[in-house]
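*Asks:* sequence and predicted structure, then a few things I'm wondering about:
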Amino acid sequence: RTAAKWLVSGQSDYKFTDFDYFFGLVSYEEDRFSGFQYQAKVGLGYGRRVIHTENHELKLEVGPGYRTYKLDQPPAPAPGEQYQDEMLVRANAGYVWTISETSKFTEDFTYESGQDQDEWKSVTALTANINSTLAMKISHLVKYLDSVPAGTENYDRETAVTLVFTF
């Protein structure tokens, strides 16, 4: 196998003005070749739409969170230390450029800083509608972890072509 990855995530927003909102998020990831058996995160915070025009939107978010993860290999000599829990601070910037009625460009940049590790993640995508319920999405993800298990790289890159169904 060259890759095996599962990611489930969700975010819910509660708007209290046209521009301001609170959010809650959860995510769970299993990436076979990352050096971690799993990583799970929860977070809360405040978000604001800084730019909102017909073609451009920029959202900024910040808030506290909690991350737990398990390493593939326990660090020697203390096998009990393979599980890690930490509080973190999360910041996110999400940009959407509506190029036309049928296409858009998005950039989502997230920074999470914890006691044990910092993570930077950038997802750049271009989406083009094929019809009212089907779209083609081309995306590129770059993820950086400053502290990784032995034998793994700090950077992870992923390019994807996806069919998106809307219902």
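*Replies:* That came through fine.
*Asks:* can you give me the helices for this protein?
*Replies:* Applying DSSP state H to the chain gives no helices.
*Asks:* any low-confidence regions in it?
*Replies:* Scanning the chain for pLDDT under 70 picks out the ranges 1-3, 73-82.
*Asks:* can you show me the strands along it?
*Replies:* In the chain, strands defined by DSSP state E lie at 5-15, 20-31, 36-52, 56-71, 83-100, 103-114, 118-129, 134-145, 155-165, listed in chain order.
*Asks:* how about JSON lines for those, with mean neighbour count added?
*Replies:* Bear in mind the C-beta positions are built from the backbone N, C-alpha and C, glycine included. Below are the strands of the chain laid out as JSON lines (neighbours: other CB atoms under 10 Å):
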{"stretch": "strand 5-15", "mean neighbour count": "11"}
{"stretch": "strand 20-31", "mean neighbour count": "16"}
{"stretch": "strand 36-52", "mean neighbour count": "16"}
{"stretch": "strand 56-71", "mean neighbour count": "17"}
{"stretch": "strand 83-100", "mean neighbour count": "15"}
{"stretch": "strand 103-114", "mean neighbour count": "16"}
{"stretch": "strand 118-129", "mean neighbour count": "16"}
{"stretch": "strand 134-145", "mean neighbour count": "15"}
{"stretch": "strand 155-165", "mean neighbour count": "11"}
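*Asks:* show me what contacts the residue nearest to Thr162 when sequence neighbours are not counted?
*Replies:* Among residues not flanking Thr162 along the chain, Lys137 sits closest, at 4.4 Å (CB to CB, 6 or more residues apart in numbering). Each residue near Lys137 by CB atoms under 8 Å, 6 or more residues apart in numbering is listed here: Ala125, Leu126, Thr127, Ala128, Ala160, Val161, Thr162, Leu163, Val164.
*Asks:* how near is Lys137 to Arg32?
*Replies:* 24 Å (CB to CB, to the nearest Å).
*Asks:* again with Phe165
*Replies:* 26 Å.
*Asks:* got it, and Asp13?
*Replies:* Counting by CB to CB, the gap from Asp13 to Arg32 is 32 Å.
*Asks:* many thanks, have a good one.
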